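S.K.: Next one to model:
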Amino acid sequence: MNMERLSMVDPELAEELRAADARSRRRAALVAASVALEHVEVDDLLVSRALETLQQGNLDESLRLELSALADVLDTEYWTLQSAYEEGGASEESFLCAFRRARAVAAVCFALHPDDLYAALESAYEAYSAVEDGDSVLKAVAKRDV
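M.R.: So this is what the prediction gives:
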């Protein structure tokens with residue numbers, strides 16, 4: 001598993017998360033997922049269930065796998081819209097919205113990962129990618145505050 005994506009955008013936060021305890025890492029993952037969903041409209045019952053599961057301090061592997069499949073579908077939608085945009089058949093906004101949705105769902109999916117360090121690093125990175133003002137996500141994660 002590559003845990004270096006967050007290091008590329010915020011090496012200090014990545015190092016802080018590596019040094020944190022499991023509880024703090026879980027909180028960071030929850031904050032990242034929550035902030036992503038506050039900024040990106042994702043109207044899906046599965047995503048709502050996952051966020052509720054995280055808020056209760058629980059993990060659910062079957063739910064995580066379902067979210068992973070949903071993220072894959074949303075990624076395919078994004079790639080299709082990006083290709084259409086490049087050929088003049090879709091707007092830039094449509095493919096960017098699809099990208100943000102896919103990244104927000106991925107942030108929630110990673111937050112459910114059983115490895116708390118991986119969950120924190122990857123959820124923070126995906127949430128950063130999902131939100132136009134990615135720095136606001138990183139600040140919230142650093143503070144562990146939604």
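S.K.: I'd like the mean pLDDT over the helix ranked longest in the chain, please.
M.R.: Longest helix of the chain, by residue count under DSSP state H: helix 61-86. For helix 61-86, mean pLDDT rounds to 97.
S.K.: secondary structure element for the closest residue in space to residue 81 that isn't next to it in sequence?
M.R.: Nearest residue to residue 81, sequence neighbours excluded (CB to CB, 6 or more residues apart in numbering): residue 95, at 3.7 Å. (C-beta placed from N, C-alpha, C; glycine too.) Assigned by DSSP states H and E, residue 95 belongs to helix 92-111.
S.K.: Can you tell me what sits against that helix?
M.R.: 29-30, 32-33, 36-37, 39-42, 44, 47, 50-51, 54, 64, 67-68, 70-71, 74-75, 77-78, 81-82, 84-85, 118-119, 122-124, 126-127, 129-132 (CB atoms under 8 Å, 6 or more residues apart in numbering).
S.K.: Using PDB, write out the CA atom coordinates for the helix or strand that comes right after it.
M.R.: The helix or strand immediately downstream of helix 92-111 is helix 116-130, counting by DSSP H and E. Taking C-alpha atoms only, helix 116-130 is exported to PDB below (Å, rounded to 0.1, in the frame of the first residue of the first chain):
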ATOM      1  CA  ASP A 116      -6.000   3.200  11.000                       C
ATOM      2  CA  LEU A 117      -2.900   4.900   9.500                       C
ATOM      3  CA  TYR A 118      -3.800   4.000   6.000                       C
ATOM      4  CA  ALA A 119      -7.400   5.100   6.600                       C
ATOM      5  CA  ALA A 120      -6.200   8.500   7.900                       C
ATOM      6  CA  LEU A 121      -3.600   9.200   5.200                       C
ATOM      7  CA  GLU A 122      -5.700   8.000   2.200                       C
ATOM      8  CA  SER A 123      -9.000   9.500   3.400                       C
ATOM      9  CA  ALA A 124      -7.300  12.900   4.000                       C
ATOM     10  CA  TYR A 125      -5.700  12.800   0.500                       C
ATOM     11  CA  GLU A 126      -8.900  11.800  -1.200                       C
ATOM     12  CA  ALA A 127     -10.900  14.500   0.700                       C
ATOM     13  CA  TYR A 128      -8.200  17.100  -0.300                       C
ATOM     14  CA  SER A 129      -8.700  16.100  -3.900                       C
ATOM     15  CA  ALA A 130     -12.400  16.200  -3.700                       C
END
